[in-house]
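Colleague: coords please:
(one chain, ligands or ions: 2)
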Amino acid sequence: MKSTKYVIGVDYGTDSVRSLIVNAENGEELAASVFHYPRWKDNLYCDPVHNQFRQHPLDYVEGLESSIRGALAQVGPEVAGQVVGIAVDTTGSTPVAVDSSGTPLALLPDFATNPNAMFILWKDHTSIKEAAEINAICERWDIDYSKYEGGIYSSEWFWAKILRTYRVDPAIHRAAYSWVEHCDWIPFLLTGGTDVTKMKRSRCAAGHKALWHEDFDGLPPNEFFVALDPLLDGLVDRLFDQTYTSDVPAGHLSEEWAERLGLSTDVVISVGAFDAHMGAVGGQIEPYHLSKVMGTSTCDMVVAPMQEVGDKLVRGICGQVDGSVIPGMMGLEAGQSAFGDVYAWFKNLLAWPIRQILAKSELIDQETKEQLIRETLDRIIPELTAAAEKIDPYESGIIALDWLNGRRTPDANQALKGAIFGLNLGSDAPRIFRALVEATCFGARTIVDRFTSEGVPIKGVIGLGGVSKKSPFIMQTMADVLGRPIRIATSEQTCALGAAMFAATTAGLYPKVEDAMEQMSSGFDATYEPNPAHVEKYDKLYAEYQQLGATVEQLIK
Ligand SMILES: Nc1ncnc2c1ncn2[C@@H]1O[C@H](COP(=O)(O)OP(=O)(O)O)[C@@H](O)[C@H]1O
Ligand SMILES: O=C(CO)[C@@H](O)[C@@H](O)COP(=O)(O)O
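Modeller: Ligands and ions are numbered 1, 2, ... in the order given. As a prediction, the model looks like this:
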């Protein structure tokens, strides 16, 4: 009798990694386990005031072992024995400097506590100046190497981060043989890779963030990078010219990792990709439907048949790449640099006195105090939501900008800042919260407008990610602001589910990932329809948001 096969999707988010065990035949989610990065939780190696966000490779390695073992412990050895594939998605662009064996420098004793030797998280914006220089050189070079990445290179991306690191840290420049993305390193680790030149690089990461394109025969040439800064001389020859989609195997589980995880060395490991891209697959993306992964940030994905996109270049997005979401289709990516992070910022602002003053109070004992602080912090967003829901869209007169972490799209500009306008003495916390929610939804609308004005029609909207599941209020506001229905994917772990679909395809259970999607999807469990009375009001408020944005952009220039 044929035994059921299982696959594991591993999804590295900004704060945590989760592993999901899935029945490869029907997509049933058997078990999940989440691991919060301990060093990251303690804010080690980060400096938010200067936009520095670094993650230690050990957070990822410990998370890999703990989350996979944790999920396997819930299902027992019979299932573990039938696991045939693992696929991994991560945030990005989240690169790290490595030696020739592909080991991140922070895993070497000399660099163990050096933030420049760690993964530079997607939301690290320390290299704004370097991104501007890349844009300037792209403009004057005979080929515009940024043209498939929306025509504007961002400080969130690979080359800007490398250049800035080399400039500020000569020791890293001396020790780094090459650079790798987080989504490329984890499959390399799992397959026991020891030579970075043999690492299979993700098409998704390379095409959207590293200026790779088939038309250029790979990456731009060494002269381009030397003209940018001689510090980059020779690096491109130690990177890659081939890239792979995630239906391709990176290899098999190494003996070491098979033992660490309690799995077989027959397990096939897929080439990695970014979270939102695999998430779009997990959320059943279809041509011209916008898949919005709404978490700390947003990633907004569209797929379209290659022949329909033709030579069209979509301006101001995070790129268009053959096969970055679904192999054989054009994947287009846009997004907002802060989404849930905007609400988290406001929550932290309100929580300051609770953390600072209550924590010092001698009126209550330590344990009660800690419990009280935790409970209050957990309740802030839900309570604000309940109060904000009762406020009419046009009532408060407050308009906010969502650029608290700069603007990813349309037209990347990470130097931009958030703003709150129209405050008076009646502007209380729920009204400001509501304005922030509306701002994040207006930011989403600018992306839809950009796709449509560039000739990419948006025929439907799919919501996934933490905020889509946690906040009906925000999803309703989004539907009202966009004036379109939003379908919410059923799975709580859409990115990990998408990774599991790739794992099943790579392991040979399906000829292509579309077939895995059809069999393994869990569909949609909610639809938010736009409220016509609000749609009209939001059209007017959106115009005000755009006006405020234009003013702030003038001020920051
Ligand atoms: N009830 C809520 N309403 C709105 N946003 C929320 C709520 N609870 C958490 N969030 C936001 O969700 C974001 C985390 O989203 P999630 O998808 O879980 O993580 P990640 O982006 O790391 O994958 C945080 O930025 C947080 O502010
Ligand atoms: O930018 C990308 C992918 O291109 C994401 O990895 C990045 O926005 C992080 O996503 P999350 O907010 O952690 O879901």
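Colleague: can we go C-alpha only for contacts and neighbour counts from here?
Modeller: Noted.
Colleague: Can you tell me which helices and strands whatever helix or strand Asn135 lives in packs against?
Modeller: Secondary structure assigned from DSSP states H and E places Asn135 in helix 128-140. Identification of packing neighbours for helix 128-140 by 3 or more C-alpha pairs under 8 Å, 6 or more residues apart in numbering; DSSP states H and E yields helix 158-168, helix 222-228.
Colleague: one more time with 7 Å, if that's ok
Modeller: For helix 128-140, the packing partners by 3 or more C-alpha pairs under 7 Å, 6 or more residues apart in numbering; DSSP states H and E come out as helix 158-168.
Colleague: Give me the residues contacting the next helix-or-strand element following the helix it packs on.
Modeller: Once the chain leaves helix 158-168, the next helix or strand it forms, by DSSP H and E, is helix 170-175. Here helix 170-175 makes contact (C-alpha atoms under 7 Å, 6 or more residues apart in numbering) with Asp99, Ala117, Tyr166.
Colleague: how far away is the second one from ligand 1?
Modeller: According to C-alpha to the nearest ligand atom, to the nearest Å, Ala117 and ligand 1 sit 22 Å apart.
Colleague: go on, Thr385?
Modeller: Separation of Thr385 from ligand 1 (C-alpha to the nearest ligand atom) stands at 7 Å.
Colleague: Ligand 1 contacts on the stretch 151-300 of the chain?
Modeller: With C-alpha under 6 Å from any ligand atom as the criterion, the stretch 151-300 of the chain meets ligand 1 at residues Gly295, Thr296, Ser297.
Colleague: Looking at these, which are in helices?
Modeller: Secondary structure from DSSP state H places none of those in helices.
Colleague: Please spell out the PyMOL selection for the buried subset of the residues you listed.
Modeller: Selection of buried members from these for PyMOL, criterion 16 or more other C-alpha atoms under 10 Å:
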select buried, resi 295+296+297
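Colleague: Which residues are in contact with the residue minimising distance to the centre of the chain?
Modeller: The chain has Thr91 as the residue nearest its centroid, 4.2 Å off, counting by C-alpha atoms, centre = their mean. Going by C-alpha under 7 Å, 6+ apart, Thr91 touches Tyr12, Gly13, Thr14, Trp122, Phe274, Asp275.
Colleague: can you tell me the helix or strand for Ile186?
Modeller: Counting by DSSP H and E, the element that carries Ile186 is helix 182-190.
Colleague: anything in that helix sitting right up against ligand 2?
Modeller: No. Helix 182-190 is not in contact with ligand 2 by C-alpha under 6 Å from any ligand atom; minimum separation 9.8 Å.
Colleague: What mean pLDDT does that helix get?
Modeller: On average, the pLDDT along helix 182-190 is 98.
Colleague: Would you confirm that Ala112 contacts Thr103?
Modeller: No. Counting by C-alpha atoms under 7 Å, Thr103 is not a contact partner of Ala112; they are 12.0 Å apart.
Colleague: Between these two, tell me which one has more neighbours.
Modeller: Under the criterion of other C-alpha atoms under 10 Å, the comparison of Ala112 against Thr103 puts Thr103 first, with 25 against 16.
Colleague: hang on, the earlier thing: the residues of the stretch 151-300 of the chain next to ligand 1 in strands, which ones?
Modeller: Residues of those located in strands (DSSP state E): none.
Colleague: tell me which of the residues of the stretch 151-300 of the chain next to ligand 1 is nearest to Ala73?
Modeller: When these are compared for distance to Ala73 (C-alpha to C-alpha), Gly295 wins out at 27.7 Å.
Colleague: Distance-wise, check that closest one relative to Ala344.
Modeller: Using C-alpha to C-alpha, to the nearest Å, Gly295 is found at 11 Å from Ala344.
Colleague: I'd like the mean pLDDT over stretch 230-239, please.
Modeller: For stretch 230-239, mean pLDDT is 98.
Colleague: Could you export that stretch as PDB, CA atoms only?
Modeller: Extracted in PDB, the C-alpha atoms of stretch 230-239 (Å, rounded to 0.1, in the frame of the first residue of the first chain):
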ATOM      1  CA  PRO A 230      37.000  50.000  -6.200                       C
ATOM      2  CA  LEU A 231      36.200  48.300  -2.900                       C
ATOM      3  CA  LEU A 232      33.900  46.000  -4.900                       C
ATOM      4  CA  ASP A 233      36.600  45.000  -7.400                       C
ATOM      5  CA  GLY A 234      36.500  41.200  -8.000                       C
ATOM      6  CA  LEU A 235      33.500  40.400  -5.800                       C
ATOM      7  CA  VAL A 236      31.100  39.800  -8.800                       C
ATOM      8  CA  ASP A 237      33.400  36.900 -10.000                       C
ATOM      9  CA  ARG A 238      33.000  35.200  -6.600                       C
ATOM     10  CA  LEU A 239      29.200  35.500  -6.700                       C
END
